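Trainee: After the sequence you'll find the predicted model.
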Amino acid sequence: MIVTINTLPIPRVDDSERIEIDPLGQANDGIIHVNARFGYMETPDVRHALSLLEPTKTEGSIAIDDASYFLSKIELTKGEAPTMPAWRTNLFIATSKLSADAAESFCLPRDQTLIVGSRIEV
């Protein structure tokens, strides 16, 4: 299951409107794409959103408590090319490190969450 979190420009989203499922073209291949919608005033609780899925639309029931969650993270580093003034590059990199922990932000259990990262030079 691939889950995309969408934050909408409204304060809250009703649970009846929270989930959209895309089977990605092939039925019964075990892969689906889920769009989970949240309002800007809500904390994106991925596990709650997944609990709203109907087993008939997801090719079976989902063991949310036993699932493994994978998140991506981008780390910014200072590159050799002078793309912007040094002070601005340093400030940009410093502020990117102030972001909240992704697992916590999405209400995911830390012992079931793997974070995969990549580095980008700025």
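Mentor: In hand now; what should we look at?

Trainee: measure A86 to E80 for me?
Mentor: 12 Å (Cβ to Cβ, to the nearest Å). Glycine gets a C-beta too; all of them are placed from N, C-alpha and C.

Trainee: what do you get for T7?
Mentor: Noted for T7: a distance of 35 Å to E80, by Cβ to Cβ.

Trainee: got it, and I2?
Mentor: The span separating I2 from E80 equals 35 Å under the rule Cβ to Cβ.

Trainee: Which of the two has more residues huddled nearby?
Mentor: Set side by side, I2 and E80 give different neighbour counts by other Cβ atoms under 10 Å, the larger being at I2 (11 against 6).

Trainee: Give the bridge partners for that one, please.
Mentor: When bridges are called by DSSP bridges, I2 pairs up with H33.

Trainee: I'd assumed H33 was in contact with it.
Mentor: Yes: counting by Cβ atoms under 8 Å, H33 is a contact partner of I2 at 4.8 Å.

Trainee: which non-adjacent residue is nearest V116?
Mentor: The spatial neighbour of V116 that comes closest, neighbours along the chain excluded (Cβ to Cβ, 6 or more residues apart in numbering), is S72 at 5.5 Å.

Trainee: so what's the one you found up against?
Mentor: By Cβ atoms under 8 Å, 6 or more residues apart in numbering, the contact set of S72 is I115, V116, G117, S118.
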